[in-house]
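J.: Sequence first, predicted model second:
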Amino acid sequence: MQERHKDGTETPNLGDVPADEFRSAMHRVADLVCDYLEGVGEYPVLPSVRPGDVARSLPESAPEEPESLEAILADYKGLIEPNITHWNHPGFFAYFANTGSRPGILGETLAAALNVNAMLWKSGPAATELEERVCDWLRQLLELPPEFRGHINDTASMSTLLALAAARHRLSEYQIRECGMGGRSDIPALVVYANEQVHSSIDKAMIVLGLGHENLRRVDTDLAYRLDSRHLEALIREDLAAGHRPIAVVATVGTTSTTAIDPVEEIAQICRRHDLWLHVDAAYGGSAGICPELRAQMKGLESASSIVVNPHKWLFVPMDCSVLFVRDKEGFESTFSLLPEYLKTPENTAEAASRPTDLMNLGVQLGRRFRSLKLWMVMRAFGVSGLRARIREHCRLAQLFAGWVEADPRFELRAPVPFSLVCFRAVLGESGEEQDRLNEAILARVNAAGPVFLSHTQLEGRWVLRLSIGNLRTTEKHVVQAWDLIREAWESVAL
């Protein structure tokens, strides 16, 4: 279609794809999504591809001429969908199983259409205020005091980085925001403490913030893999005696390897005694806190300086959506806030009492996607009762599986099961190395079968298998299938 100008010349229409083609393609996408979600269980969880297979099917350069949406979607169906790891599969038991739920997918689609950058209240009024409101809904469900304010980041890695940046910013005597840390001899080693099984995002935050990897102290754990508060106190005193400066403790509610719950209440008392920032990594376990009986396992959560909870892990929100709660919002904003001339608005230059939130002041990212829309739609579509029921069912299934493990002399549990993750291990042979090889072989055989996908970790230096339940589509029959495959693998490998 040509566009005619006043001087009589014509140029092609350089706007978007024609509306009728887009509408037709959107209907096709709706069918693709619905068909995929209904039939995802028919795929093997892990695709039978090797590194480079997909790349070899793709052109080495972009097409010079436009291609039809119909052709593009056909390639999606034939090339992309079959060759991904299916996180929405009911047999996905690896890492922390999650779900891209139907209402969440609707929210993600609408957010893409709106294409909002909610950096300022002015640039996204509804996005800003919806984010604040749905985060407060979650705060209430977690029984956190009203002074906690939540905002959404992409992942727990970013949320934790921001929390530790705020902890560093509290050291006002060093003026790190203004003067940095490089080339200075007046700043002692700034030390952070965490469970020896802490998530690797804490390590990366230490590196990125210039605190130094060696200044992350690994605190011993007890027999249930919970942080030992007595060892924490001893390490802090050692660092103080050495002239170092402790600044923060990271407690975990649901560690990655075992979902252990650190004694947050005891840790909070130590932090108060030494004036330390307490960040709680509840990226996985925090979602379970919406169930009162599971929240009861998290005593002291309300004493934290900051808490991260990932709705994209166990509240059925599509990736990515990580909520960071901070107790002192004004202090947190002072870590990051900047207002260049080109971002000034009548709203953010008004009297302080009447200024709305500019979400850009709560982190390092200026560009911010409209993530709260999908969280809002999920919370409304399932309701609090529905979310709680699903989490409780996942915990029931985990306890069921754990019971099967305990009843079979060929296997053993390797950690408590406070939520919906089971850590277990096949036992055979005299040496630990023999048992490691056995468990590694069982994992490979189970994952190669197709219907399920497990992952592993190491506890006390030994291989341990992990079965994580968290997908909406997972039912008891899928857990039974996983157990059958595990026992069949044992018989094939061990005999």
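T.: Ah, there it is.
J.: Using CSV, write out every CA atom in stretch 161-171.
T.: This file holds the C-alpha atoms of stretch 161-171, laid out as CSV (Å, rounded to 0.1, in the frame of the first residue of the first chain):
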residue,chain,number,x,y,z
LEU,A,161,21.7,-7.2,44.7
LEU,A,162,19.6,-4.1,45.4
ALA,A,163,19.1,-5.1,49.0
LEU,A,164,22.8,-5.5,49.6
ALA,A,165,23.5,-2.2,47.8
ALA,A,166,21.1,-0.6,50.3
ALA,A,167,22.9,-2.3,53.2
ARG,A,168,26.2,-0.8,51.9
HIS,A,169,24.6,2.6,51.5
ARG,A,170,23.7,2.7,55.2
LEU,A,171,27.5,3.1,55.9
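J.: Just the C-alphas of the host helix or strand of residue 483, formatted as PDB.
T.: Using DSSP states H and E, residue 483 falls within helix 476-494. What follows is helix 476-494, C-alpha atoms only, in PDB (Å, rounded to 0.1, in the frame of the first residue of the first chain):
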ATOM      1  CA  GLU A 476      -0.500 -37.500  41.900                       C
ATOM      2  CA  LYS A 477      -0.300 -39.700  38.800                       C
ATOM      3  CA  HIS A 478       2.700 -37.700  37.600                       C
ATOM      4  CA  VAL A 479       4.500 -38.100  41.000                       C
ATOM      5  CA  VAL A 480       3.700 -41.900  40.900                       C
ATOM      6  CA  GLN A 481       5.100 -42.000  37.400                       C
ATOM      7  CA  ALA A 482       8.300 -40.300  38.600                       C
ATOM      8  CA  TRP A 483       8.700 -42.800  41.400                       C
ATOM      9  CA  ASP A 484       8.100 -45.800  39.100                       C
ATOM     10  CA  LEU A 485      10.800 -44.500  36.700                       C
ATOM     11  CA  ILE A 486      13.200 -43.900  39.600                       C
ATOM     12  CA  ARG A 487      12.800 -47.500  40.800                       C
ATOM     13  CA  GLU A 488      13.000 -48.900  37.300                       C
ATOM     14  CA  ALA A 489      16.300 -46.900  36.900                       C
ATOM     15  CA  TRP A 490      17.600 -48.400  40.100                       C
ATOM     16  CA  GLU A 491      17.000 -51.900  39.000                       C
ATOM     17  CA  SER A 492      18.600 -51.200  35.600                       C
ATOM     18  CA  VAL A 493      21.700 -49.500  37.000                       C
ATOM     19  CA  ALA A 494      22.300 -51.400  40.300                       C
END
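J.: who touches that helix?
T.: Contacts to helix 476-494, defined as CB atoms under 8 Å, 6 or more residues apart in numbering, come from residues 90-91, 93, 397, 400-401, 404, 408, 410-411, 426, 428, 438, 441-442, 445-446, 449, 451-452, 454, 465, 467, 469. To be clear about C-beta, it is placed using only N, CA and C from the backbone, and glycine gets the same treatment.
J.: Test my guess that residue 245 contacts residue 188.
T.: Yes. Judged on CB atoms under 8 Å, residue 245 makes contact with residue 188 at a distance of 4.6 Å.
J.: quick revisit: centre of the chain to the helix holding residue 483, how far?
T.: 29 Å (CA atoms, centre = their mean, to the nearest Å).
J.: go on, stretch 129-137?
T.: Computed by CA atoms, centre = their mean, the chain-centroid distance of stretch 129-137 equals 19 Å.
J.: which residues sit against that stretch?
T.: Stretch 129-137 has contacts (CB under 8 Å, 6+ apart) with 118, 121, 149-152, 323, 325, 356-357, 359, 371-373, 375-376, 379.
J.: ends of stretch 352-365, how far apart?
T.: With CA to CA, to the nearest Å as the measure, stretch 352-365 spans 23 Å from end to end.
J.: Check which residues of it are buried.
T.: Across stretch 352-365, burial judged by 16 or more other CB atoms under 10 Å covers 356, 357, 358, 359, 360, 361, 362, 363.
J.: Please tell me how far the third one sits from residue 169.
T.: Computed as CB to CB, to the nearest Å, the residue 358 to residue 169 distance reads 18 Å.
J.: Need the three-state assignment for residue 183.
T.: What DSSP: H, G, I helix; E, B strand; the rest coil gives for residue 183 is coil.
J.: In helices, which of the contacts of helix 476-494 appear?
T.: 397, 400, 401, 404, 438, 441, 442, 445, 446, 449 (DSSP state H).
J.: ok, the last one - how many residues close by?
T.: Here the count is done by other CB atoms under 10 Å, and residue 449 has 18 residues near it.
J.: Same check on the fourth one?
T.: For residue 404, the number of neighbouring residues by other CB under 10 Å comes to 16.
J.: before we move on, what about the second one?
T.: Summarising burial for residue 400: neighbours were counted as other CB under 10 Å, giving 15.
J.: what's near enough to touch it?
T.: Counting by CB under 8 Å, 6+ apart, residue 400 makes contact with 476, 479.
J.: Look up how far residue 370 lies from it.
T.: 39 Å.
J.: Quick check: which ranges of the protein have low pLDDT?
T.: 1-3, 430 (pLDDT under 70).
J.: Would you map out the domains in the protein?
T.: 117-369, 379-494 (automatic domain parsing).
J.: Of those, give the one that comes closest to residue 73.
T.: domain 117-369 (19.7 Å; CB to CB).
J.: quick one, what contacts the nearest residue to residue 457 once chain neighbours are set aside?
T.: Closest residue to residue 457 apart from its sequence neighbours, by CB to CB, 6 or more residues apart in numbering: residue 257 at 4.1 Å. Neighbour list for residue 257: 197, 225, 415, 423, 457, 458, 459, 464, 466 [criterion: CB under 8 Å, 6+ apart].
J.: from the residues you listed, which would you call buried?
T.: With burial judged by 16+ other CB under 10 Å, the buried subset of the contacts of residue 257 is 197, 225, 415, 423, 457, 459, 464, 466.
J.: Between those, which sits nearest residue 329?
T.: Of the buried ones among the contacts of residue 257, the one sitting nearest to residue 329 (CB to CB) turns out to be residue 197, at 30.5 Å.
J.: how far away is that closest one from residue 245?
T.: 25 Å.
J.: Equivalent analysis for residue 171, please.
T.: From residue 171 to residue 245 the distance is 7 Å (CB to CB).
J.: Name the residues contacting each of the two.
T.: With CB under 8 Å, 6+ apart, residue 171 and residue 245 have common neighbours residue 190.
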